[in-house]
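In: sequence below, structure please.
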Amino acid sequence: MKILARQLTLDLYNCDTSRLSNVDEIKATLRSVVGREPSLTSEHVNEEHYSIIGAFAEGHIALHVYKELRYVAADIFTCAEVDNAEDLSKAISNFFRPDKTKSTFLKRGDFGQEREIKPKIKVRVAPLRRVKNAGAKVVKHLVRRGK
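Out: Next up is the predicted model:
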C-alpha cells in the first residue's frame, strides 16, 4: 500500500540547557541533515519560547523550544520516496541530548483499512543520564541531612 507522506513527532524532555539557546547552531544542524538549503525561519514567541520552521521540497520541519522547561517539540513531515525523517530525528536528539524521548510516527494519506490508522509510539529514556541524576539527588539529600 502506497502512502502519500509520513509524519514523525518528537517530544524531547530534560534537554541539555547549553543547547537550547543557540538558534544558529540548531539551524546549521538541520541544514546538514537535509542536505540542501531549506528555507528556515525562527520566531521568538517570548523570552522562554521560540520556534523554528523549515520548508524544503519534500516536506517541512517545525521545532518549538521551551528553554525554561528544557523541552523541545518537533514535527517532521516528509512526502519523499526516500524517508529522511529518521535521520532528522536522530540529529535533533543528538543535538539537544534529552533524558527522555517520545516519538510518534504517522502515515499520512494512507487509504488502507481503518484499523491501521492508529499511530505507533516509542518512548526512550537515556539510562546514563538517569543514573547521573539519581546520584545527584542522593548527594543532595545527604547534604541536607548533615545540616
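In: alpha carbons only for contacts and neighbour counts from here, please
Out: Fine.
In: can you check the pLDDT for the closest residue to residue 68 other than its chain neighbours?
Out: Of all residues not flanking residue 68 in the chain, residue 48 sits nearest, at 5.9 Å (Cα to Cα, 6 or more residues apart in numbering). Residue 48 carries a pLDDT value of 89.
In: now do residue 48: how many residues are near it, please.
Out: For residue 48, the count of nearby residues is 14 (other Cα atoms under 10 Å).
In: now residue 61
Out: 22.
In: please apply the same query to residue 52.
Out: Neighbourhood size, residue 52 [other Cα under 10 Å]: 18.
In: would you agree it is in contact with residue 60?
Out: No: judged on Cα atoms under 8 Å, residue 52 makes no contact with residue 60 at a distance of 10.7 Å.
In: so, low pLDDT: which residues of this protein?
Out: 1-3, 35-38, 81-83, 110-121, 125-132, 146-147 (pLDDT under 70).
In: at 80 what do you get?
Out: Low-confidence segments of the chain (pLDDT under 80): 1-4, 33-39, 57, 80-85, 107-147.
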